[in-house]
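A.B. asks: quick check, what structure comes out for this input:
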Amino acid sequence: MSHRILVVCTANVCRSPVIEAMLVQRLDGARHAVGSAGVRAPAGHPIDPDSAEQLRVRGLQVPAHAARQLTSDLVAEADLVLTATRAHRSDVLDLDPRALRRTFTALEFAGLVEGIEADGFAALVAQAAAARSTGPSDVDLVDPIGRSVQVHAEVAARIESAVTTIVAALGRVDS
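C.D. replies: Below you'll find the model as predicted:
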């Protein structure tokens, strides 16, 4: 069974495609389907060049990417929704309030699952939701669009750290 992970940011050209690319290239594609969308996406736009460069410097492939708008259907179909910020998490929940127990910022989810031993994907997400009040407080990723290469690098480093933790947690429940 494939678990669907949806990653959300504002325009779907910087943070969410970087998280998506890192997850896709590190997770078993037979077990996890990863996609992304933006709350105000300029449909069809490619990944931001500075964000793409952050993938390249980390030895990752830059995916063919076309920004897409977040919809309630995408949220409803996802088993896990990871957002760039708490505001994006609220945007997701405005579309589908039932997604609360499976919607987290990426940094929040990484902080919550780091110590969880769960029996399967659904249990991992449920335990993270139950522990939400004990999670980290610094859970928003700065929007790097139009900012310096240094800002893009700092955001990508935070994403990479979170993705490494999330992939490790998913690997524990996949085995």
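A.B. asks: and stretch 63-77, end to end?
C.D. replies: Terminal residues of stretch 63-77 lie 22 Å apart, using Cα to Cα, to the nearest Å.
A.B. asks: list the buried residues of that stretch.
C.D. replies: 63, 65, 67-68, 70, 74-75 (16 or more other Cβ atoms under 10 Å). In this view, the C-beta of every residue, glycine as well, is placed from N, C-alpha and C.
A.B. asks: try stretch 38-53
C.D. replies: Buried residues in stretch 38-53, counted by 16+ other Cβ under 10 Å: 38-39, 41, 47-48, 50-53.
A.B. asks: picking up where we left off before, need the buried residues of stretch 63-77 in JSON lines with pLDDT, can you?
C.D. replies: Listed next are the buried residues of stretch 63-77 as JSON lines, based on pLDDT from 0 to 100:
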{"residue": "63", "pLDDT": "91"}
{"residue": "65", "pLDDT": "90"}
{"residue": "67", "pLDDT": "96"}
{"residue": "68", "pLDDT": "97"}
{"residue": "70", "pLDDT": "98"}
{"residue": "74", "pLDDT": "98"}
{"residue": "75", "pLDDT": "98"}
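A.B. asks: which elements pack onto the lengthiest helix in the chain?
C.D. replies: Looking across the chain with DSSP state H, the single longest helix is helix 149-174. Secondary-structure packing of helix 149-174 (3 or more Cβ pairs under 8 Å, 6 or more residues apart in numbering; DSSP states H and E): helix 15-26, helix 49-57, helix 106-113, helix 121-130.
A.B. asks: residue 28 should be in a helix, yeah?
C.D. replies: No: read with DSSP: H, G, I helix; E, B strand; the rest coil, residue 28 is coil and lies in no helix.
A.B. asks: could you check the pLDDT of it?
C.D. replies: Residue 28 carries a pLDDT value of 92.
A.B. asks: please report how far it lies from residue 3.
C.D. replies: Applying Cβ to Cβ, to the nearest Å, the value for residue 28 to residue 3 is 10 Å.
A.B. asks: looking at the buried residues of stretch 38-53, which is nearest residue 20?
C.D. replies: residue 47 (9.5 Å; Cβ to Cβ).
A.B. asks: could you list the buried residues of stretch 17-28?
C.D. replies: Buried, per 16+ other Cβ under 10 Å, within stretch 17-28: 17-27.
A.B. asks: for stretch 120-135, that is, sorry about that
C.D. replies: Buried residues in stretch 120-135, counted by 16+ other Cβ under 10 Å: 121, 124-125, 127-128, 135.
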